[in-house]
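Asks: my questions are about this predicted structure, shown below with the sequence.
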Amino acid sequence: MTGQRRLSQAISEGDGISLIVPVVDAEGAREATAAGAEGLLVRENIAGIRDATDLPLLWIGSGGDADACVLSLSEVNEDDVEARYKSMLERGIECVVEVTDSDQLEIALELLDPEIFMLSPAAEDLGEDAAVERVLDLLPDVPAGKLAIAHLFVQTRERVAELERTGFDAVTVGTPDLAGLASAAPPEV
């Protein structure tokens, strides 16, 4: 049942910023769902994940049973980006276009005009403050009406609140404990 859970709908509904949690097993998916996550970030097939959660699955790379996949402009040849984007959409998979600088953002808008952007710092060796500044610098160039995910793996409520105030729709978090990150108490299950 690929593509049946819309990531765009999950992160645009409700109040506040949505939390996207990386998971590596079905138990982590259950815990993230119970804690109030709006989406799950996965990198490989996880046995039993569809039974463990009804949240949309956002794949880094080209995943199996994905609801949405990240198409990183840093990793794709510009000549291939349109074909890969179109292929995902034809299969019913939402395409989240990851950009790390203003040139990539311009290319994405010109060639694809995606609904969802993932703004990422260009280098993984940046400190947290510099990484946050990089994605904040990109946000004003995302057109109104588009969804923006900060791909930072934040771990504090203060960072989540900062990203929410600046206009991000979602953020990837670096901790499975969402109680300290969410603006409201997680739903009871």
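Replies: Cool, the structure landed. Numbers count the residues shown, from 1 in each chain.
Asks: switch to C-alpha atoms for all contacts and neighbour counts from now on
Replies: Will do.
Asks: phi, psi of the residue most central in space within the chain?
Replies: Taking C-alpha atoms, centre = their mean, the centroid of the chain lies closest to I149, which sits 5.0 Å from it. Main-chain torsions, I149, degrees, to the nearest 10: phi -110, psi 130.
Asks: is it in a bridge, and if so with what?
Replies: M118, A170 (DSSP bridges).
Asks: V42 - nearest residue in space that isn't next to it in sequence?
Replies: Of all residues not flanking V42 in the chain, W59 sits nearest, at 5.0 Å (C-alpha to C-alpha, 6 or more residues apart in numbering).
Asks: which strand or helix spans that neighbour?
Replies: Per DSSP states H and E: W59 is located in strand 57-60.
Asks: which positions in the helix ranked longest in the chain come out as buried?
Replies: Longest helix of the chain, by residue count under DSSP state H: helix 78-90. Of the residues in helix 78-90, V81, Y85, M88 count as buried by neighbour count, 16 or more other C-alpha atoms under 10 Å.
Asks: those residues into TSV, with extra columns for distance to V24 and pLDDT?
Replies: What follows is the buried residues of helix 78-90, written out as TSV (distance: C-alpha to C-alpha, whole Å; pLDDT from 0 to 100):
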residue	distance to V24	pLDDT
V81	28	91
Y85	26	94
M88	23	90
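Asks: redo those residues as a markdown table? Include distance to T156.
Replies: Listed next are those as a markdown table, based on distance: C-alpha to C-alpha, whole Å:
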| residue | distance to T156 |
| --- | --- |
| V81 | 34 |
| Y85 | 33 |
| M88 | 33 |
